[in-house]
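Novice: whatever this is, show me its structure:
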Amino acid sequence: MNSRFDRKVAIITGAGSGIGKATIERFVNEGGEAIAVDVSEARLDQLAAEFHSHGKKIRTVHGDLTSEKTISEIMSVAGSRLDILINNAGIMDDFVPLDELDDELWDRVLAVNLTAVMKLSRASYRDWE
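Specialist: Take a look at the predicted model:
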């Protein structure tokens, strides 16, 4: 595999499964250094173990992206170097019928899928300036 991401650092959210996990794998296998973020600590631990067993290292941050504490921790782990931000994390409303969808679930979907993306993007942008 080529090394098009050599010396590049990326934050990738939703890294514990699905598209996020596949993105981490591709990025690291092409020479990048990844900061994997996920709400599931167990999935992050498993992901880190898989990479370490292949001689590759990723940094992980476990937390809820709607929390300012998690956003701060992500930026702290990234340190002074960040080249790429992939806001991949997202949740669904489980296709709850509209008349059964309560405000709490709707607010949570918006918080994870929109507000958290803006807050992490803003924090990353501030570090780039």
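Novice: mind listing what residue 21 touches?
Specialist: The contact partners of residue 21, taken as C-beta atoms under 8 Å, 6 or more residues apart in numbering, are 15, 47. (Each C-beta comes from the backbone N, C-alpha and C, glycine too.)
Novice: ok, the nearest residue to residue 40 once chain neighbours are set aside to residue 97 distance?
Specialist: In this structure, residue 40 finds its nearest non-sequential neighbour in residue 16, 4.8 Å apart by C-beta to C-beta, 6 or more residues apart in numbering. Residue 16 is 29 Å from residue 97, where distance means C-beta to C-beta, to the nearest Å.
Novice: between those two, which is the more surrounded one?
Specialist: The neighbour comparison of residue 16 against residue 97 (other C-beta atoms under 10 Å) goes to residue 16, with 23 against 7.
Novice: for the more buried one, helix, strand, or coil?
Specialist: coil (DSSP: H, G, I helix; E, B strand; the rest coil).
Novice: my read: it touches residue 44, true?
Specialist: Yes: with contact defined as C-beta atoms under 8 Å, residue 16 reaches residue 44; the gap is 5.6 Å.
Novice: joint contacts of those two?
Specialist: 36, 38.
Novice: quick one: which helix or strand includes residue 35?
Specialist: Assigned by DSSP states H and E, residue 35 falls within strand 33-38.
Novice: and that strand, what does it pack onto?
Specialist: Applying 3 or more C-beta pairs under 8 Å, 6 or more residues apart in numbering; DSSP states H and E, we find strand 33-38 packed against strand 9-13, helix 18-29, helix 41-53, strand 59-62, helix 68-78.
Novice: which stretch among the ones you listed comes nearest residue 92?
Specialist: Distance to residue 92, taken as C-beta to C-beta, is lowest for helix 18-29 among these, at 12.1 Å.
Novice: buried ones in that closest one, by neighbour count?
Specialist: 20-21, 23-25, 27-28 (16 or more other C-beta atoms under 10 Å).
Novice: how about stretch 81-93?
Specialist: 82, 85-90.
Novice: next step: the residues you listed restricted to strands.
Specialist: 85-86 (DSSP state E).
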